[in-house]
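In: quick one: sequence and predicted model below, then my questions.
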Amino acid sequence: MRRSIVVAVATVAFLLGGAANQAHAERQPRMRDALAHLESALSDLRAASGDKGGHRAQAIRLTEQAITSVRDGIQFDNRH
């Protein structure tokens, strides 16, 4: 399960990176949409009950990392 979460987050990050060039010309609506979805997911994960054998905590950490990566990508693209 943990590996599938890592793979899912890596896939999202890869896809978002590929869309960054096109998104810049459009003021990055896809990156901003992805950020909003990740923030919503993080809120839901934090509100969920129980730890699910450590998987919920891992998903929270990975989602926080994905949020940081998306924000960093937006900032990078805005500077270049």
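Out: Okay, I see it. Note that this is a predicted model, so its numbers are computed, not measured.

In: nearest residue to the middle of this structure?
Out: With distances taken as Cα atoms, centre = their mean, Ala66 lies nearest the centre of the chain, 3.3 Å away.

In: is Leu45 within a helix or a strand, and which one?
Out: helix 29-47 (DSSP states H and E).

In: how about the CA coordinates for that helix, as CSV?
Out: The C-alpha trace of helix 29-47 is given here as CSV (Å, rounded to 0.1, in the frame of the first residue of the first chain):
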residue,chain,number,x,y,z
PRO,A,29,-4.7,27.1,-14.0
ARG,A,30,-3.9,23.4,-14.0
MET,A,31,-1.2,23.7,-11.4
ARG,A,32,-3.4,25.8,-9.2
ASP,A,33,-6.3,23.4,-9.7
ALA,A,34,-4.0,20.5,-8.7
LEU,A,35,-2.9,22.5,-5.7
ALA,A,36,-6.5,23.0,-4.6
HIS,A,37,-7.2,19.3,-5.0
LEU,A,38,-4.1,18.4,-3.0
GLU,A,39,-5.0,20.8,-0.2
SER,A,40,-8.6,19.4,-0.1
ALA,A,41,-7.2,15.9,0.0
LEU,A,42,-4.9,16.9,2.9
SER,A,43,-7.8,18.3,4.8
ASP,A,44,-9.8,15.1,4.3
LEU,A,45,-6.8,13.0,5.4
ARG,A,46,-6.3,15.0,8.5
ALA,A,47,-10.0,14.7,9.4
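
In: buried sites along stretch 64-79?
Out: 66-67, 69-70, 73-74 (16 or more other Cβ atoms under 10 Å). Placement of C-beta: from N, CA and C, glycine included.

In: returning to what we had before: so which bits of the helix holding Leu45 are buried?
Out: 31, 34-35, 38, 42, 45.

In: tabulate the buried residues of stretch 64-79 (CSV), appending secondary structure, pLDDT and distance to Ile60.
Out: Listed next are those as CSV, based on DSSP: H, G, I helix; E, B strand; the rest coil; pLDDT from 0 to 100; distance: Cβ to Cβ, whole Å:
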residue, secondary structure, pLDDT, distance to Ile60
Ala66, helix, 98, 11
Ile67, helix, 98, 11
Ser69, helix, 97, 15
Val70, helix, 97, 16
Gly73, helix, 95, 20
Ile74, helix, 94, 21
